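# Kindly return the folded structure for what I paste below:
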Amino acid sequence: MNITSVTLGAAFAVTLAASAQAQELKYANWAPPFHTITAAQIEPLAEALDSGTSGAVTLRAFHGGELGAGPADQFVRIVQGTADLGWGLPGYTSSQFPKSLILELPGALPLDQPGYAALWRAFDGELKAEFPMTEVIALWGAEPNILMMKDREVRSPEDLRGLKIRVAGSIAAEAMEALGATPVQIPMTQVYNGLQTGLIDGLVSGASVLSDFKLNEVVGSVTTGPNLGRLTFFTVMNKGVFDGLSDEAKAALDTIRGEPVSQMTEEAWVATAAEALDAARASDSITVNDLDAAESKVFDDALTEVTDAYVAQVGGEAALAAIRGE
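Just a heads-up that it's a prediction; the model follows:
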């Protein structure tokens with residue numbers, strides 16, 4: 001055997017060993033690849049793992065529900081190992097996350113305070129038990145909720161009476177009922193068609209969905225001002241997968257997981273929302289109604305009972321206090 005064949009054989013063996021040791025983590029993203037989550041969170045997590053392990057552990061995103069359609073099943077998808085990690089909304093499976101959802105309540109947190117910090121303040125003492133069999137990578141809130149309508153304008157609760165409003169979970173549903181609307185729960189991925197076909201008259205969500213799901217093409221008016229709460233989100237990793245990571249990979253994740261990546265993600269959400277609202281204000285097809293303090297108070301007063309009743313129902317007084325930093 002000549003030296004060339006020996007060298008090539010050794011190189012091939014090294015390549016095989018590296019391939020055998022390489023680990024690719026599957027990230028389940030139910031949203032389209034252009035959604036804010038990609039640049040705000042998926043790419044930074046991938047970069048942290050790749051650079052922190054010299055390529056031994058990588059992250060691959062599966063966009064648009066490739067690992068299973070429907071955001072409602074995201075948590076189960078991770079627990080069952082269909083994906084190694086992914087993001088979702090507690091509101092889609094409300095019964096599992098009763099205290100985490102307190103942040104979504106109208107008036108739970110002032111509009112100008114960040115949701116991610118509130119959630120992490122409450123996590124260890126109040127929320128952690130709601131995420132079994134997973135390692136929590138990120139918790140964050142969206143920008144404050146607003147009302148977006150197909151062809152109606154809303155300036156008072158009376159304007160909502162009898163209208164069909166899409167909501168993301170039970171809390172928003174109770175809030176809309178308190179304002180006289182009829183809540184309709186459909187996935188965000190179906191809202192565009194729902195507005196087009198008249199299945200719904202509008203929705204309550206953050207302004208980022210105007211661009212993230214192209215709703216600016218079918219929304220005719222927007223109402224801002226009242227404290228309608230905000231959506232909350234999680235990113236979790238399968239606990240067994242996390243425990244099986246090398247110390248190097250865990251250290252790489254530790255540089256970003258928790259509050260750092262949560263803050264990055266929420267700030268990206270807020271920035272997307274601000275840009276979407278600016279575009280709506282500049283649009284000839286969308287009317288933006290910015291309610292003043294007095295007009296907003298009518299909504300807020302009507303929703304106080306919803307918030308108080310929910311907190312009492314789930315025994316969430318301590319969680320609410322932690323969320324508020326009290």
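# where along the stretch 51-200 of the chain do the helices fall?
Taking DSSP state H, counting those that start in this stretch, the helices of the stretch 51-200 of the chain run over residues 74-79, 115-122, 170-178, 191-197.
# Relative to residue 323, which of the ones you listed is closest?
helix 115-122 (4.4 Å; CB to CB). For the C-beta atoms, the positions are set from N, CA and C on the backbone; glycine is no exception.
# now that closest one, how far from the centre of its chain.
Distance, stretch centre to chain centre, for helix 115-122: 14 Å (CA atoms, centre = their mean, to the nearest Å).
# so residue 37 sits in a helix?
Yes - assessed with DSSP: H, G, I helix; E, B strand; the rest coil, residue 37 lies in a helix.
# need the contact list for it.
Residues counted as contacts of residue 37 (CB atoms under 8 Å, 6 or more residues apart in numbering) are 29, 31, 87, 265.
# nearest to residue 107, of the helices of the stretch 51-200 of the chain?
Counting by CB to CB, residue 107 lies closest to helix 170-178 out of those; the figure is 10.1 Å.
# Let's test this: mean pLDDT of that closest one, rounded?
The average pLDDT within helix 170-178 is 95.
# which outside residues touch it?
91, 94, 101, 104-106, 145, 160, 165, 167, 182-183, 185, 204, 228-229, 302-303, 305-306, 310.
# tell me which residues in that helix are buried?
170, 171, 172, 173, 174, 175, 176, 178 (16 or more other CB atoms under 10 Å).
# Check the offset of that helix from the chain's centre.
19 Å.
# Show me the residue at the heart of this protein, geometrically.
residue 233 (3.4 Å; CA atoms, centre = their mean).
# okay, the closest residue in space to residue 70 that isn't next to it in sequence: pLDDT?
Excluding its sequence neighbours, the residue lying closest to residue 70 (CB to CB, 6 or more residues apart in numbering) is residue 187, at 6.4 Å. Per-residue pLDDT puts residue 187 at 90.
# helix, strand or coil for the closest residue to residue 87 other than its chain neighbours?
Once flanking residues are discounted, residue 87 sits nearest to residue 235: 4.4 Å by CB to CB, 6+ apart. Secondary structure, three-state DSSP: residue 235 is strand.
# Residue 235: how many residues sit nearby?
A total of 26 residues lie near residue 235 under the criterion other CB atoms under 10 Å.
# Can you tell me who it pairs with across the strands?
Following DSSP bridges, residue 235 is listed with bridge partners residue 87, residue 138.
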